[in-house]
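In: okay, structure incoming, though there's no sequence with it:
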Ligand code: AMP
Ligand code: GLY
């Protein structure tokens, strides 16, 4: 089975490993040099991940049957639509279905139209003056978001990054002045609680849920600093999280299913992995965002313990195979990203990384190459997250220890890691926080 993969980060490397171990022949498109992905590939195309013409030529030349797109930019650009036209079966959504991520307003309106649970108060604006008028009168704290894509870094929340009304107004002006995320703004009610990620696989009609994961968006230890794409994440052996009961997980799964149904009813059926970001509040799970792809880093957690062949899931998502279940090993995982120094504010790329992948694996961890390059034969950091290390164990504590052992085999003089991810102290903080919220 020939599979074209698009994307050169650690999420895509995890997907490529899962495809390769289930027997796929890999053809990859990426803009950087990723030794992990490329060592598994029969042929490699280095180009922009939204270069539709080159990607289509490469697919035709190599008689590609299936495709999988990792990042959001090529989904937004219509790469899937173009590959669909060629008769290639894509385990990723069309640009119309991907609006669930590429327009935060589309997502909120869809959830409203179909009466789906978990929505938050919101209003969208095309001009700064109206948005500012609105935040002056709205009766709750808000999150301010550009409507379009910003690589996970465009959201600012009152009480977190925005400490008062003046800062909120200044940020709204900044979004419009700089045309960030398409230069439209959505103001959302702030949800208070603990965040979790529920991802599902879907063929447009049915879904198979993945284990719950918790990501860490803030750049610095102790959940401080700017928002990032995500610094690391963990999952537990039972598919739940220590502060998320099954009852609430089921509610999140129902919300994902209803979104899949709504997209089908809107005549833009969704195929592929879908990502639900939720806040567990005192009133149950609330939708923070829905993404049209695997989460990054969350993909590394779930794909590392995926026991159903990923090729079968790709066939099922594209309608060429029936599947009774999707299964995961009953193992906990802890993923920590090595990122270039300055990541989240201004990354310092180009620093040499030395690593021993075999030693990482011998210590019970998996290693995924991310935003790296190879320059003069040396592995160097890029501008985004460099290398993901996923410790696996029977408990989160064991997985965390294995992750740290794995990290010890990677050296670079200009990197940062959030060592607190998956530690008992941080998880206890989440449990206590949830108890306080729920009373
Ligand atoms: P996003 O890029 O939409 O995931 O937002 C980045 C982060 O901002 C999320 O992970 C949340 O921590 C926070 N956030 C976004 N929207 C809200 C909201 N409506 N209420 C509270 N926090 C939010
Ligand atoms: N981990 C957050 C995201 O992939 O959007």
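Out: In hand now; what should we look at? What you see is a predicted model, and the numbers here were worked out from it, not measured in a lab. Ligands and ions are numbered 1, 2, ... in the order given.
In: and the strands in the stretch 301-439 of the chain?
Out: 332-340, 354-355, 365-369, 372-375, 378-381, 387-393, 410-411, 415-416 (DSSP state E, counting those that start in this stretch).
In: could I get those strands in JSON lines, plus columns for mean neighbour count, distance to residue 61 and mean pLDDT?
Out: The C-beta positions use only the backbone N, C-alpha and C, and glycine is treated the same way. Formatted as JSON lines, these follow (neighbours: other Cβ atoms under 10 Å; distance: least, Cβ to Cβ, whole Å; pLDDT from 0 to 100):
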{"stretch": "strand 332-340", "mean neighbour count": "28", "distance to residue 61": "34", "mean pLDDT": "98"}
{"stretch": "strand 354-355", "mean neighbour count": "16", "distance to residue 61": "33", "mean pLDDT": "96"}
{"stretch": "strand 365-369", "mean neighbour count": "27", "distance to residue 61": "26", "mean pLDDT": "98"}
{"stretch": "strand 372-375", "mean neighbour count": "18", "distance to residue 61": "24", "mean pLDDT": "95"}
{"stretch": "strand 378-381", "mean neighbour count": "19", "distance to residue 61": "29", "mean pLDDT": "96"}
{"stretch": "strand 387-393", "mean neighbour count": "27", "distance to residue 61": "31", "mean pLDDT": "98"}
{"stretch": "strand 410-411", "mean neighbour count": "16", "distance to residue 61": "36", "mean pLDDT": "96"}
{"stretch": "strand 415-416", "mean neighbour count": "20", "distance to residue 61": "38", "mean pLDDT": "96"}
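In: of all these, which one is nearest ligand 1?
Out: strand 332-340 (15.4 Å; Cβ to the nearest ligand atom).
In: quick one, the closest one and strand 387-393 angle?
Out: 160 degrees (axes from the mean of the first three to the mean of the last three Cα atoms, to 10 degrees).
In: can you tell if strand 332-340 touches ligand 2?
Out: No: on the criterion Cβ under 6 Å from any ligand atom, strand 332-340 is out of touch with ligand 2, staying 10.3 Å away.
In: got the angle between that strand and strand 365-369?
Out: Going by the same axes, to 10 degrees, strand 332-340 makes 40 degrees with strand 365-369.
In: what about strand 332-340, distance to the chain center?
Out: Remark: strand 332-340 is offset 13 Å from the chain centroid, using Cα atoms, centre = their mean, to the nearest Å.
In: what's the answer for stretch 99-113, then?
Out: 17 Å.
In: which parts of it are buried?
Out: Going by neighbour count (16 or more other Cβ atoms under 10 Å), the buried part of stretch 99-113 is 99, 100, 101, 102, 103, 104, 105, 106, 107, 108, 110, 111.
In: which one of those residues is nearest ligand 2?
Out: Nearest to ligand 2 among the buried residues of stretch 99-113, with distances taken as Cβ to the nearest ligand atom, is residue 101, at 8.5 Å.
In: hang on, isn't the closest one packed against residue 291?
Out: Yes: using Cβ atoms under 8 Å, residue 101 makes contact with residue 291 at a distance of 4.5 Å.
In: list residues touching both of the two?
Out: 72, 275 (Cβ atoms under 8 Å, 6 or more residues apart in numbering).
In: hey, which helix or strand in the chain has the poorest pLDDT?
Out: strand 224-227 (a mean of 89; mean pLDDT, DSSP states H and E).
In: hmm, back to that, save the buried residues of stretch 99-113 as CSV, and put in distance to ligand 1, secondary structure and pLDDT too.
Out: Below are the buried residues of stretch 99-113 laid out as CSV (distance: Cβ to the nearest ligand atom, whole Å; DSSP: H, G, I helix; E, B strand; the rest coil; pLDDT from 0 to 100):
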residue, distance to ligand 1, secondary structure, pLDDT
99, 15, helix, 98
100, 13, helix, 98
101, 10, helix, 97
102, 13, helix, 95
103, 13, coil, 94
104, 7, helix, 95
105, 13, helix, 95
106, 14, helix, 97
107, 10, helix, 98
108, 10, helix, 97
110, 16, helix, 98
111, 13, helix, 98
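In: gap between residue 209 and residue 334?
Out: 20 Å (Cβ to Cβ, to the nearest Å).
In: what's the answer for residue 297, then?
Out: Taking Cβ to Cβ, one finds residue 297 at 10 Å from residue 334.
In: find residues that contact each of these two.
Out: With Cβ under 8 Å, 6+ apart, residue 297 and residue 334 have common neighbours 232, 233.
In: how about CSV for the strands of the stretch 301-439 of the chain, with distance to ligand 1 added?
Out: Formatted as CSV, the strands of the stretch 301-439 of the chain follow (distance: least, Cβ to the nearest ligand atom, whole Å):
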stretch, distance to ligand 1
strand 332-340, 15
strand 354-355, 29
strand 365-369, 21
strand 372-375, 24
strand 378-381, 23
strand 387-393, 18
strand 410-411, 26
strand 415-416, 19
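In: ramachandran coordinates for residue 289?
Out: phi -160, psi 160 (degrees, to the nearest 10).
In: could you give the bridge partners of it?
Out: With DSSP bridges as the criterion, residue 289 is bridged to residue 277.
In: residue 101 is in contact with that one, correct?
Out: Yes: contact criterion Cβ under 8 Å: residue 289 and residue 101 qualify, at 7.3 Å.
In: and for these two, which residues touch both?
Out: What both residue 289 and residue 101 touch, as defined by Cβ under 8 Å, 6+ apart, is the set residue 107.
In: before we move on, back to that, right, is the helix or strand that the least confident helix or strand of the chain is followed by up against ligand 1?
Out: The first helix or strand that comes after strand 224-227 along the chain, using DSSP states H and E, is strand 232-235. No: counting by Cβ under 6 Å from any ligand atom, ligand 1 has no neighbours in strand 232-235; the shortest distance is 11.7 Å.
In: and for strand 232-235, what's in contact with it?
Out: 197, 211-216, 241, 295, 297-298, 300-302, 305, 332-337, 388, 396, 399-400, 417-418, 421-422.
In: show me what the top helix by length along the chain packs onto, helices and strands only.
Out: If you go by DSSP state H, the chain has its longest helix at helix 246-265. Packing partners of helix 246-265 (3 or more Cβ pairs under 8 Å, 6 or more residues apart in numbering; DSSP states H and E): helix 104-113, strand 194-202, strand 207-209, strand 272-281, strand 284-291.
In: can I get the ones you listed in a markdown table with distance to residue 14?
Out: A markdown table is the format used below for these (distance: least, Cβ to Cβ, whole Å):
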| stretch | distance to residue 14 |
| --- | --- |
| helix 104-113 | 25 |
| strand 194-202 | 13 |
| strand 207-209 | 18 |
| strand 272-281 | 12 |
| strand 284-291 | 16 |
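In: so stretch 342-360, near ligand 2 or not?
Out: No: contact of stretch 342-360 with ligand 2 (Cβ under 6 Å from any ligand atom) is absent, the minimum separation being 13.5 Å.
In: no further questions, thank you.
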